[in-house]
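Visitor: one predicted model, sequence on top.
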Amino acid sequence: MAIVKPKVDAVIVGLGWTGAIMAKELTDAGLTVVALERGPDRDTQPDFAYPRVVDELEGSIHRKFLQSLAKETITARHGIKDTAVPYRQMGSFKPGTGVGGAGTHWSGCHFRALREDFNLRSNLRQRYGAKFIPENMSIADFPLSYEDLEPHFDHFEHVCGTSGKAGVLNGVKIPGGNPFEGSRSREFPLPPNRDYLGAELFYKAARERGYNPYPIPASNASAPYVNPYGCQMGPCNFCGFCSDYGCLNYSKASPNVSILPVLRLRKAFELRAHAQVLKVNLDGASSRATGVTYLDAEGKETEQPADLVLLCAFSLFNVHLMLLSGIGKPYDPVAGSGSVGRNYSYQNLNRVTLFFDEKVQANGFIGIGGGGATFDDLNGNQLDNAKAGFIGGGVIWARQPGSGPIRGITTAPGVPNWGSAWKQGVKDAFRHSFYYEVQGACMSYRSNYLDLDPTYRDAFGRPLLRMTFDWDANEIRASQFLVGKALDLCKVLNPRALSGDAKKSGEHYNITRYQSTHTCGGAIMGADPKTSALNRYLQSWDVPNVFAPGANAFPQNNGYNPTGMVGALTYWAAKAIREQYLKSPGALVHA
Amino acid sequence: MSDDEAPSPSRRKLFKSLSLVPIAAVAIAGCARETDKPAGADRHAGDYHPAFFNAAEWAFIVAACERLIPPDDVGPSASQAGVPEFIDRHMQTPYASGDIWYMQGPFIEAAPQFGYQGRLPVRDILRVGIKGIDAHCAKQFAKTFAQLGTGDQESVLKSAEAGKLPLENISAKEFFSQLLNETRMGYFCDPKHGGNKHMAAWKMIGYPGMRADYANWVGVRDRPYPLAPVDLAGKRG
Amino acid sequence: MIPIGCLVVLVLGAWIYASLPTHTRSMAISPQQPNAAAIERGRYLAVAADCTACHTEPGGRPFAGGLAIDSPLGAIYSTNITPDPATGIGKFTQDDFDRAVRHGIDDEGVTLYPAMPYPSYARMSDEDIAALYAYFMHAVDPAPGTDHVNGIRWPLSIRWPLALWRKVFAPSPDAAPFDASKYKDAVVARGAYLVQGPGHCGACHTPRAITLQEKSLDDSADSFLAGGQRIGGWVAVNLRGNIGDGLGNWSKEDIVATLHTARNSQQAVVGAPMSEVVVHSTQHLSDADLQAVAAYLKTLPPTAGDSPKFAANPATAAALLEGHEANRGAELYDDNCAACHRSDGGGSPNALPKIAGNPSVLAEDPESLIRLVLAGSALPGTAAAPSPLAMPGFAWRMSNDEVAQLLTFIRGSWGNQAASVSAGQVGRVRASLDAK
């Protein structure tokens, strides 16, 4: 018999960014909220205490702050006829666990989507005609506009103390920022961070090539900051341990630093750590959620009844929970029917590394996750897709989140993997090289999707989520085009050696190589319940007291990091719950 | 005085530790001294007593690491940096027994883009691989890997790296890649974990270690970062 | 040698003096029918007086007592001050209540242990005592408390000498009434009243004599609020105008922010005792009252005589910025502290405390500083500043000698001028932490 807990107004599954935002907004609205987090409770002290937290072996090899794949993972395959095998070792993407989720170990890049990213399909159709979009490409417009989200982008940036420079402020272009961005209602809360050498040189090279470089919006504070909730941040000290690590001095925005201090003082909020949610419980007609069932810290099956269920797990696991719980109809790629699992997309990340002689103090160990410089001249409407030969643009950037020798030292072309020449190679490269990256959009396709694996199970006996994904020729062309531009840019700086990793024609997705944790889609938002799992308020079309904020809602991925968009969408959904749903619980959009 | 005639003090300590393992294993280790100009890896094994590896495995690890990161003017060798000690200790951690890997079957063949799909955790990949390589060396050279000269050792490792060595129960490529990873980790880890003795590998590349504080140096272009590395224990390198 | 007969006479005399009942006048205000205003005033005063600090057990019913208060003589358990008739103050008349709060005498005539700060409460007005009584009798839920046997052993548990102590050291409210006219304006006077009376700041912040009474109970002596007592291993800061170990360089806003949020733009509360005061008491005071407290504290001149000083000096920052480390202490600073407190010792405004000129760093007695470095300390989340900013402990990373070198460096850099710290001092604090 399961333990049954007293009913609450809202139960939140997963306490990362989306869970913390929802908990804040809903307790503000007077609701009682229980958050169930599968991992441990975590905070700056003691979990990210200086200097213990920066042990590379613990953080980047033992993956101390990431999800243990032994408990939950996915299976993967390239095509719908292949047999999927488990994602056994962490590689391509790194879901977090514990309070703060991936929001503790992110880098801090904090973008807004471009205006044209919101209406991708109709924009392409208008620019190039209906036939331009290949038949197998299932991209769609977001069911809301940049203007709808602007106040929420703005608010989330102010919660995070994002450091940057506006390029368009209230419709007026201003120098120093991104001239192609959607208009902002306010300047960034903090000015841009200082530049390390690679970023400084990036400005020079980009300007020489005629691009419009600007500082990457970074939720790594450039100065001390107090956010609208009264939460405090210290300035980033360029420690070089963002990705994989929690921040040691309160300078990287995270749920733990930016929101949880308020929640922890609230009586209406309860956090239960080590609470592994197994499924959402539905009523007999499967039209209403009655709560969730989870394993408590001691492994006892426990039921938490609630009026509202907020799926705030990592994007992949939101989809997993919907499939396991029977929320919405699973997507069938052959029939083209069903909505849950549809439009899985990713990110097209590629790197070029520049090697210099020993007089150049690149100091790659100096790092800031979200700092650096980028440009949008090859992104959005700035790129002529017809001429470039692919759909979706991307950014080229200088970013130096910080490197250490355990995390790997990229050596110049021709250096062997071991022996004396390798030693000389790492010595030459470590302090005298830096890299630029190409972060490309990733379109969605009929054959890239998520469903339940028929064979493999997680530690709790549930079928694993199965990912069917491979690179389409479109993304490979994008990679080659953008890496080509990046290599051309690098030549301005005259490095002694240069390496680049554009995808080769016919190259398959390699799940062993890290290429961002930007797994998107699977439970997308849309205007049509036949082709989307969620409506424009991230509310399930099928079970209206379930909301599922996260990157799972993206119909496809743009050239940016998703966190800014995820946070803004969550505030947008929370507003709809507060102002519309609570007054009249039920579907907010009638299809 | 050649190494063949009189064991160095550190080697005597190694012998002492070996007295605890079966005679046969000692005999193998003994052969390593007498039959060939040895790669000499055990010269620098220090007084660490392996707790995970048996004598034969230990002889392999010490020898192989020394080929992967050999002694030279650039920086310390693997054994000078304590890499074998690191690996022996690391194999005793939950990580090496697969605690963060998905370890459930079925275990089926898949394209290399899906990563290692076998049932062995790291520590068994190393053990099974070492046995396989030594078996290969016995067949081809009538010696263990550790008994080979440096040139032969290098060519065996190169074949393993290229996946050209057919081993029993393990892909040579997978084994080699784990061995190389472990060796590099032991070379560059915080000394707390047993490797990177005296922070010598950090000093070689100019890594400041556990400092994690560079606000004063982001904009400095005209001179190298000046402070010596510091380790987790708070020692200066 | 005192002849034994004399000793007997002396003790007997003292006993007789101690045993003479203390007469207290009846309160000028008769108990009133409870009205909302009086109850609210009483509630606010109970917060200002931080009654809950001692009279509520963690997780226990409010004001039901039972909290163990460590004293040098053994544990004393706080009493139940809810209106429960059996175990609380339900049967107390207003005069009984007054005798306990301002005179230190319980309803059976027994003198209270001065863990109850009646020497400070003695300054409270009749009106405030009446309001407190109204609040406790009418707005606090009666809750049964458990009777604890105090942990103080015979003969120290004999109570009559306490009466002697009380008669000698605790002022009678009528003998030392609070005199607002002493102060230059009403704001300062209000601050003085709160600090000396309900706030009982001196209970921790004024040094005590060998006989354990506070050396002064008001600003008539410069020992008042001069700091130096160790409370739970943390040194109470000098609240007077000393530049260095006192609040001489603090603005009124710094003081207000500290009481409101446990931190100000430059510095932070160190250690649990004051953190708890802020959480339970001072963060809830009105801005006007906090301004009054700040205005009053700023009138206190520095103590006479030599004390640690601060005069800003850029040399340390300039050297560290260039990577020059004069000694092992400087190295240890770079390796352990600079990541947050920066090479200029300035921390980061509104986030990470500065070290240069920080009174907690410069205190004559380095006990707090040693404890902070060894064990760390966390700020409490407050309503206005919820971030539980914290410093980790470094006991695992530095030897006693290294901590001493580090702290000697810190106390002598950026213009800090405080005495060096020895490895022996560090060792004693480490031993007390290990014993826990």
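Guide: Received the coordinates, thanks. Computed from a predicted model, the values in this text were never measured in an experiment.
Visitor: use CA for all of it now, contacts and neighbours both
Guide: Fine.
Visitor: residues near the closest residue to residue B:233 other than its chain neighbours, how many?
Guide: In space, and not counting its chain neighbours, residue B:233 is closest to residue C:397: 5.4 Å by Cα to Cα, 6 or more residues apart in numbering or on different chains. By other Cα atoms under 10 Å in any protein chain shown, 16 other residues sit near residue C:397.
Visitor: what helix or strand is whichever residue of chain B sits closest to chain C located in?
Guide: Relative to chain C, the nearest point of chain B is residue B:213 (4.9 Å; Cα to the nearest Cα). Residue B:213 belongs to no helix or strand when assigned by DSSP states H and E.
Visitor: got the contact list for it?
Guide: When contacts are counted by Cα atoms under 8 Å, 6 or more residues apart in numbering or on different chains, residue B:213 touches A:237, A:238, A:239, C:338, C:339.
Visitor: rerun at 10 Å
Guide: Going by Cα atoms under 10 Å, 6 or more residues apart in numbering or on different chains, residue B:213 touches A:51, A:236-240, A:365-367, C:334-340, C:342.
Visitor: ok, now residue B:130?
Guide: Here residue B:130 is in contact with B:56-61, B:64, B:124, B:136, B:145, B:167, B:172, B:175-176, B:179 (Cα under 10 Å, 6+ apart).
Visitor: how about the residues of chain B near chain C?
Guide: For chain B, the residues in contact with chain C (Cα under 10 Å from any Cα of the partner chain) are B:210-217, B:225-236.
Visitor: could you point out the longest helix in chain B?
Guide: Longest helix in chain B by number of residues (criterion: DSSP state H): helix B:122-141.
Visitor: if we can go back for a sec, mind checking which of the contacts of residue B:130 land in helices?
Guide: In helices, judged by DSSP H, the following of these are found: B:56-61, B:64, B:124, B:136, B:172, B:175-176, B:179.
Visitor: can I get those residues in CSV including neighbour count, distance to chain A and pLDDT?
Guide: Below are the ones in helices among the contacts of residue B:130 laid out as CSV (neighbours: other Cα atoms under 10 Å in any protein chain shown; distance: Cα to the nearest Cα, whole Å; pLDDT from 0 to 100):
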residue, neighbour count, distance to chain A, pLDDT
B:56, 20, 23, 97
B:57, 23, 21, 98
B:58, 24, 20, 98
B:59, 24, 19, 98
B:60, 24, 17, 98
B:61, 28, 15, 98
B:64, 28, 11, 98
B:124, 17, 15, 97
B:136, 20, 22, 96
B:172, 25, 16, 96
B:175, 25, 15, 97
B:176, 22, 11, 98
B:179, 23, 11, 98
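Visitor: what's the burial count for the closest residue to residue C:206 other than its chain neighbours?
Guide: Spatially, and ignoring its direct neighbours in sequence, residue C:206 is nearest to residue C:225 (4.1 Å; Cα to Cα, 6+ apart). Burial of residue C:225 is recorded as 32 neighbouring residues (other Cα under 10 Å).
Visitor: ok, the residue in the stretch 351-500 of chain A that chain C sits nearest to - contacts?
Guide: Among the residues of the stretch 351-500 of chain A, residue A:366 lies nearest to chain C; the distance is 12.8 Å by Cα to the nearest Cα. When contacts are counted by Cα under 10 Å, 6+ apart, residue A:366 touches A:196-197, A:237-241, A:400-404, A:431, B:208, B:212-215, B:217-218.
Visitor: so residue A:396, which state does it fall into?
Guide: Put simply, residue A:396 is strand when judged by DSSP: H, G, I helix; E, B strand; the rest coil.
Visitor: does residue C:172 touch residue C:24 like I think?
Guide: Yes: between residue C:172 and residue C:24 there is a contact under Cα atoms under 10 Å: 8.6 Å.
Visitor: what about the two, which has more around it?
Guide: Between residue C:172 and residue C:24, counted using other Cα under 10 Å, the more crowded position is residue C:172 (18 against 15).
Visitor: how about that one, secondary structure?
Guide: Three-state assignment for residue C:172 (three-state DSSP): coil.
Visitor: OK, contacts around it?
Guide: Residues counted as contacts of residue C:172 (Cα under 10 Å, 6+ apart) are C:24, C:102, C:103, C:104, C:118, C:119, C:122, C:123, C:166.
Visitor: swap in residue A:378?
Guide: A:211, A:384-385, A:388, A:392-396, A:440, A:481-482, A:485, A:559.
Visitor: quick one: it from chain B, how far?
Guide: To chain B, residue A:378 is 29 Å away according to Cα to the nearest Cα, to the nearest Å.
Visitor: doesn't that residue belong to a helix?
Guide: No: judged by three-state DSSP, residue A:378 forms no part of a helix; its state is coil.
Visitor: show the pLDDT at it.
Guide: pLDDT, residue A:378: 98.
Visitor: low-confidence bits of the stretch 201-350 of chain C, can you list those?
Guide: For the stretch 201-350 of chain C, applying pLDDT under 70 flags no range at all.
Visitor: let me see the contact set for the residue nearest to residue C:206.
Guide: Neighbours of residue C:225 in contact, by Cα under 10 Å, 6+ apart: C:195-196, C:201-207, C:214-219, C:236-240, C:246, C:297, C:300, C:303.
Visitor: if we go to 8 Å?
Guide: Each residue near residue C:225 by Cα under 8 Å, 6+ apart is listed here: C:201, C:202, C:205, C:206, C:207, C:238, C:239, C:240.
Visitor: before we move on, what about residue B:101?
Guide: Contacts of residue B:101 by Cα under 8 Å, 6+ apart are A:68, A:69, A:70, A:88, A:89, A:90, B:121.
Visitor: I'd say the last one and residue B:97 touch.
Guide: Yes: taking contacts as Cα atoms under 8 Å, residue B:121 lies within contact range of residue B:97: 5.2 Å.
Visitor: who does the biggest helix by length in chain C touch, helix- and strand-wise?
Guide: When chain C is scanned for its longest helix (criterion: DSSP H), the result is helix C:4-19. On a contact count with 3 or more Cα pairs under 8 Å, 6 or more residues apart in numbering or on different chains; DSSP states H and E, helix C:4-19 meets helix C:160-169.
Visitor: how distant is the helix it packs on from the center of its chain?
Guide: On the basis of Cα atoms, centre = their mean, to the nearest Å, helix C:160-169 sits 22 Å off its chain's mean C-alpha point.
Visitor: what about the closest residue to residue A:514 other than its chain neighbours, helix or strand, and which?
Guide: The shortest distance from residue A:514 to any non-neighbouring residue, by Cα to Cα, 6+ apart, is to residue A:92 (3.8 Å). According to DSSP H and E, residue A:92 maps onto no helix or strand at all.
Visitor: which ones are touching residue A:182?
Guide: Neighbour list for residue A:182: A:114, A:115, A:146, A:168 [criterion: Cα under 8 Å, 6+ apart].
Visitor: please name the nearest non-neighbouring residue to the last one.
Guide: In other words, residue A:168. Of all residues not flanking residue A:168 in the chain, residue A:183 sits nearest, at 4.9 Å (Cα to Cα, 6+ apart).
Visitor: how many residues are close by the one you found?
Guide: 20.
Visitor: contacting residues for it?
Guide: Neighbour list for residue A:183: A:167, A:168, A:169, A:170, A:171, A:172 [criterion: Cα under 8 Å, 6+ apart].
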